[in-house]
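J.: Quick one, fold the following:
(chains A and B)
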Protein chains: 2
Amino acid sequence: MIVALAGGVGAARFLQGLIRVVPQRRITIIGNVGDDIEFYGLHVSPDLDIVTYTLADLVDPVRGWGFKGDTFHCQDLLQRYGYKTWFNIGDRDLATHLYRTEQMRRGKTLSAATTSIVSRLGLDVTLLPSTDDLLQTYVLSRRSRMHFQEYMVRRQTKPKVKSVLFKGSDSARPAPHVIQSISEASGIIICPSNPIVSIGAILAVRGIRAALRKTKAPILGISPIVGGKTVKGPADKLMKSSGIEASAIGVAKYYRDFLDALMIDKVDAQLAPQVRSLGIKPIVTQTLMKTMADKIHLARRATSEFRH
Amino acid sequence: MIVALAGGVGAARFLQGLIRVVPQRRITIIGNVGDDIEFYGLHVSPDLDIVTYTLADLVDPVRGWGFKGDTFHCQDLLQRYGYKTWFNIGDRDLATHLYRTEQMRRGKTLSAATTSIVSRLGLDVTLLPSTDDLLQTYVLSRRSRMHFQEYMVRRQTKPKVKSVLFKGSDSARPAPHVIQSISEASGIIICPSNPIVSIGAILAVRGIRAALRKTKAPILGISPIVGGKTVKGPADKLMKSSGIEASAIGVAKYYRDFLDALMIDKVDAQLAPQVRSLGIKPIVTQTLMKTMADKIHLARRATSEFRH
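T.: Okay, the predicted model is just below:
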């Protein structure tokens, strides 16, 4: 079993390649729930849905989230009822949130609801939320504390971030099978996601980081930072504000306690010796994924590490 | 203040005329909640919404319910999640149910949520649900008991009805202002709605029928049965199965204990003496409403009774 720790868009793109290289039933994805948020009384899980929609070939290819060609008619009316609609939810997308919310109101866990959604959308991968408990990513600026989505979507990553905190990390327990899948994996991949708020929110669940340190499975990361810049999203900004260098080296250091190998882009080839000096095997390759061939190449290169 | 007891489409069409004859702020509508039903965890109030959307000029003119030109994209996906989607809910329409449900989950009553919806959609009428408590219309056929919407929408009124019952009528109390509005009205109109399941479900709330008997206000009904047939919906079938003649006379008898006058259509002119013999003043006029002019004519004729 291959286990992948995944955030949103970057991870989903890599996983599109992975499911073409490894049978879906042999893939377990541990997803980020730190971005989860309630809108209109509905439980929205942006990262879990991005992964699911992308792998099911239903995602909007331009936006990278939501359903292909979705409309926003419900949202137009919600505005009329006085809701602030800065977080876009399409009409088809709403169905997922309605279903998830109803399942959870009936007593099902987020895990169980996620399993149903994944299966209903025709996938055979296992997608586990990192936790079924409340764990929310908050960003602290000089003036205020805000939910990650408010920072990311509503304020377009403009506020200067002082630090990031994970509300609930004191008590959130790993969801069923999370620790077991890490222990029993034949290989583990840290997807090219934001180390602080995506992978970081998964690692903030007690027991997950320890399980990664302890597992016998090789753990391979893919740097989301290429040439000192993030491919997408605010990873570079947030790394700096967390006191971490915004580079493949910063990524290597952040994961140093459990990482065996790190894939870095060709443009960062000169960083390979420094990665090696941290006790992590550097793998220099093309990490930018523009085409499906790029994604498959990256997945093939990553999984080849698990066969040695 | 003019008070109108209202069901769905038939009532809404009449009320479109009424708001053109009487200022909205002088109109209180007591709406039917017996048809309310939960779908996807959302509280749906079909009759309240038909009245609101129609008066706000937002209703789909062909269907008579839902928003003009609404799409059904969410519903398409809900099917994929295994939901039975025999009750059509459009994408814009969903916003109303999301808003209502969230308001109610936060502790607001259906009355308060309804007041907000009416005001947000730009209306100045008062729309009161008959009750804030659970009251649901069920239909009994030989084989089973089903919610009215299941009979009406899912099974297209095909099952042979033995009787109609109002679940919760033992305990449902009138919503705030319902009894007061009946007592203090200058005139009361029983809209051309289904006497059994629309008006009947309002009368099933304890205290409402008694208040109608007691009020000093003149009470005028409009027969929904023309030439022995219902204008729309299953009123005639349901009257027969409730042991009531499907005619303006059956309507007059059903409302006899509180009705002062009944508007009947020209085609039923010959029934006028029989209506009069029940102690009810017959008003023969054109009750079929095809154009806005027809609606205004009917509203004008109805309200003229309150000025004598």
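J.: who's in contact with the closest residue to A:Phe148 other than its chain neighbours?
T.: Among residues not flanking A:Phe148 along the chain, A:Thr137 sits closest, at 4.0 Å (C-beta to C-beta, 6 or more residues apart in numbering or on different chains). No exception for glycine: its C-beta is placed from N, CA and C like everyone else's. Applying C-beta atoms under 8 Å, 6 or more residues apart in numbering or on different chains to A:Thr137 gives the contacts A:Gly34, A:Asp35, A:His147, A:Phe148, A:Val164, A:Leu165, A:Phe166, A:Lys167, A:Val197, A:Gly200, A:Ala201.
J.: Restricted to helices, list these.
T.: Among those, the ones falling in helices (DSSP state H) are A:Phe148, A:Gly200, A:Ala201.
J.: A:Gln156: which element?
T.: Secondary structure from DSSP states H and E places A:Gln156 outside every helix and strand.
J.: Check the gap between it and chain B for me.
T.: 25 Å (C-beta to the nearest C-beta, to the nearest Å).
J.: just A:Ile219 next, same as before
T.: According to C-beta to the nearest C-beta, A:Ile219 stands 35 Å off from chain B.
J.: how many neighbours does that residue have?
T.: 23 (other C-beta atoms under 10 Å in any protein chain shown).
J.: tell me which element the closest residue to it other than its chain neighbours is part of?
T.: Closest residue in space to A:Ile219, ignoring its immediate chain neighbours: A:Ile188 at 4.4 Å, by C-beta to C-beta, 6+ apart. Assigned by DSSP H and E, A:Ile188 belongs to strand A:187-190.
J.: Which strands or helices does that strand pack on?
T.: Other elements packing on strand A:187-190 under the criterion 3 or more C-beta pairs under 8 Å, 6 or more residues apart in numbering or on different chains; DSSP states H and E are strand A:2-6, strand A:219-222.
J.: Give the buried residues for the longest one.
T.: For strand A:2-6, the neighbour count (16 or more other C-beta atoms under 10 Å in any protein chain shown) marks A:Ile2, A:Val3, A:Ala4, A:Leu5, A:Ala6 as buried.
J.: Columns pLDDT and distance to A:Leu288 on top of the residues you listed, output as CSV?
T.: Shown next, in CSV, are these (pLDDT from 0 to 100; distance: C-beta to C-beta, whole Å):
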residue, pLDDT, distance to A:Leu288
A:Ile2, 98, 22
A:Val3, 98, 24
A:Ala4, 98, 19
A:Leu5, 98, 20
A:Ala6, 98, 18
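J.: Now do the buried residues in the helix ranked longest in chain A.
T.: Longest helix in chain A by number of residues (criterion: DSSP H): helix A:91-105. Across helix A:91-105, burial judged by 16+ other C-beta under 10 Å covers A:91-104.
J.: Stretch A:203-210 now?
T.: Buried, per 16+ other C-beta under 10 Å, within stretch A:203-210: A:Leu203, A:Ala204, A:Val205, A:Ile208, A:Arg209.
J.: Top of the ones in helices among the contacts of A:Thr137 by number of neighbours, please.
T.: In those, the most neighbours by other C-beta under 10 Å go to A:Ala201, 28 neighbours.
J.: how about the nearest residue to that residue, chain neighbours excluded?
T.: Per C-beta to C-beta, 6+ apart, closest to A:Ala201 is A:Gly34, 2.9 Å.
J.: so that neighbour sits right up against A:Asp133, yeah?
T.: No. With contact defined as C-beta atoms under 8 Å, A:Gly34 does not reach A:Asp133; the gap is 11.8 Å.
J.: more neighbours, those two?
T.: A:Gly34 (31 against 17).
J.: Tell me which of the helices and strands packed on strand A:187-190 lies nearest to B:Pro224.
T.: Across the helices and strands packed on strand A:187-190, B:Pro224 has its closest neighbour in strand A:2-6 (58.8 Å, C-beta to C-beta).
J.: The nearest residue to A:Cys191 once chain neighbours are set aside: what secondary structure?
T.: Nearest residue to A:Cys191 in three dimensions, chain neighbours excluded: A:Ala11, at 3.5 Å (C-beta to C-beta, 6+ apart). Here A:Ala11 is recorded as helix under DSSP: H, G, I helix; E, B strand; the rest coil.
J.: okay, how far is it across stretch A:220-237, tip to tip?
T.: 23 Å (C-alpha to C-alpha, to the nearest Å).
J.: Of all the residues in it, which ones are buried?
T.: Neighbour-count burial for stretch A:220-237 flags A:220-226, A:230-231, A:233-237 (criterion: 16+ other C-beta under 10 Å).
J.: Inside helices: which ones of those residues?
T.: A:Ala235, A:Asp236, A:Lys237.
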